[in-house]
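Participant: A structural model of the following input is requested.
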Amino acid sequence: MRSAKNYPEVRGTRTGYMIRYTCPQCILENVIVNNSPKDHFKGERTVSCRSCRTRITVLTPKYGA
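Facilitator: As a prediction, this is how the structure comes out:
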């Protein structure tokens, strides 16, 4: 399911229970720490950069794909 708003899309990578992605505006690497396995395996999530506060849609590979 896609987001209703059109934010820039970037690919994230999974590392343990963290998801790493790079902001396209300020080129800063950000990290999302997931508290539950259900959150970890979502296909996409909308986040904001911790530096410039740009809203981004982070796409992550589906488990087993």
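Participant: pLDDT weak spots in the chain?
Facilitator: 1-4, 63-65 (pLDDT under 70).
Participant: need the helices for the protein, in chain order.
Facilitator: Along the chain, the stretches classed as helices by DSSP state H are 37-40.
Participant: what residue is smack in the middle of it?
Facilitator: Nearest to the mean C-alpha position of the chain, counting by Cα atoms, centre = their mean, stands V58 at 3.1 Å.
Participant: from N30, how far off is that one?
Facilitator: 9 Å (Cβ to Cβ, to the nearest Å). For every residue, glycine as well, the C-beta is placed using N, CA and C.
Participant: anything in contact with each of those two?
Facilitator: By Cβ atoms under 8 Å, 6 or more residues apart in numbering, V58 and N30 have these common neighbours: 21, 47.
Participant: so L59 sits right up against V10, yeah?
Facilitator: Yes - when contacts are counted by Cβ atoms under 8 Å, L59 is listed as touching V10 (7.1 Å).
Participant: spit out the residues that contact these two alike.
Facilitator: By Cβ under 8 Å, 6+ apart, no residue touches both L59 and V10.
Participant: close enough to count as contact, the residue nearest to the centre of the chain and G12?
Facilitator: Yes - counting by Cβ under 8 Å, G12 is a contact partner of V58 at 4.3 Å.
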